[in-house]
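# sequence and predicted model, in that order:
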Amino acid sequence: AQTVTQSQPEMSVQEAETVTLSCTYDTSESDYYLFWYKQPPSRQMILVIRQEAYKQQNATENRFSVNFQKAAKSFSLKISDSQLGDAAMYFCAYRSGGEEGTSGSRLTFGEGTQLTVNP
Amino acid sequence: ETGVTQTPRHLVMGMTNKKSLKCEQHLGHNAMYWYKQSAKKPLELMFVYNFKEQTENNSVPSRFSPECPNSSHLFLHLHTLQPEDSALYLCASSQLQVYNEQFFGPGTRLTVL
């Protein structure tokens, strides 16, 4: 079974600075997908960024980028120019590259990292 | 808003009550999910429905009973719950292609007294 580990329960960053959130995972599969989700207080969880394991290039979405190290099974999230609105719980998630309608649809989540942005 | 709504947003119930959580998605997706989110624990997948058929029951106690009458609606029927069932219950939906993200609802905060 796959596991996802986020070793930082809490992180803080100054506004406009850069912060990196860590995520490691364990799997024997070669085809899979990795996600970072953001859950602001009392608001819905939304997708921040997605990485396909077969792609060597790291995904980037505006101020958000990942450092995907497949051999090390590491998938960290870097937030540049942090803003107050980035304060949230961040979850790393793994999804198998399995067939539709099977366990391929299952997401395995880490425990989350609570990010505080200080003005 | 993600296109997934959940009602009620908050629910307090006794251990002998029967209640239902409702989830509706307006995205045309064909898969829906129930997750349990407890403090300081990873999200736990409870049930998966693909094309209205339950494809996964992640060892969930029978006091939780899901129902998916159509691809847009998902219910979670609750009866004789325990205090340890208190948590945030999240519904999500997706289109059944491996790279597609899951869209989450705002959740129902459940407290069992």
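That came through, no problem. Computed from a predicted structure; not experimentally measured.

# in which helix or strand does the residue nearest to A:E111 when sequence neighbours are not counted reside?
For A:E111, the nearest residue in space outside its immediate sequence neighbours is B:P42; the separation is 5.0 Å by C-beta to C-beta, 6 or more residues apart in numbering or on different chains. C-beta: built from backbone N, CA, C; applies to glycine. Under DSSP states H and E, no helix or strand contains B:P42.

# same check on the one 5 residues further on?
Using DSSP H and E, B:F47 sits within strand B:44-50.

# who are the contact partners of the residue nearest the centre of chain A?
Nearest to the centroid of the C-alpha atoms of chain A, with distances taken as C-alpha atoms, centre = their mean, sits A:W36, at 2.8 Å. For A:W36, the set of contacting residues under the criterion of C-beta atoms under 8 Å, 6 or more residues apart in numbering or on different chains consists of A:21, A:23, A:47-50, A:64, A:66, A:75, A:77, A:90-93.

# quick check, nearest of those residues to chain B?
Sorting these by distance to chain B puts A:L47 at the head of the list, at 4.5 Å, by C-beta to the nearest C-beta.

# shouldn't the closest one be within a strand?
Yes - looking at A:L47 with DSSP: H, G, I helix; E, B strand; the rest coil, it is inside a strand.

# how near is it to A:K38?
Computed with C-beta to C-beta, to the nearest Å, the distance linking A:L47 and A:K38 is 8 Å.

# over to B:Q95?
Distance of B:Q95 to A:K38, given as C-beta to C-beta: 21 Å.

# and what of B:S72?
Note on B:S72: its distance to A:K38, by C-beta to C-beta, is 25 Å.

# who does the least confident helix or strand in chain B by mean pLDDT touch, helix- and strand-wise?
Using mean pLDDT, DSSP states H and E, strand B:53-57 stands out as the lowest-scoring helix or strand of chain B, at a mean of 75. In terms of contacts (3 or more C-beta pairs under 8 Å, 6 or more residues apart in numbering or on different chains; DSSP states H and E), strand B:53-57 is packed against strand B:44-50, strand B:64-70.

# nearest to A:Q6, of those?
Relative to A:Q6, the nearest member of the helices and strands packed on strand B:53-57 by C-beta to C-beta is strand B:44-50, separated by 15.4 Å.

# who does the closest one pair up with?
The pairing partners recorded for strand B:44-50 under DSSP bridges are strand B:31-37 (antiparallel), strand B:53-57 (antiparallel).

# what about stretch B:93-109, how long is it end to end?
Stretch B:93-109 has an end-to-end distance of 19 Å (C-alpha to C-alpha, to the nearest Å).

# err, stretch A:66-86, not the other one
Terminal residues of stretch A:66-86 lie 16 Å apart, using C-alpha to C-alpha.

# again with stretch A:45-64
16 Å.

# in it, which residues are buried?
Of the residues in stretch A:45-64, those scored as buried under the neighbour-count criterion (16 or more other C-beta atoms under 10 Å in any protein chain shown) are A:45, A:47-53, A:59, A:64.

# same check, this time on stretch A:14-23
Counting neighbours by 16+ other C-beta under 10 Å, one finds that the buried residues in stretch A:14-23 are A:19, A:21-23.

# B:K22 against B:F75, yeah?
Yes - if you go by C-beta atoms under 8 Å, B:K22 and B:F75 touch, sitting 5.7 Å apart.
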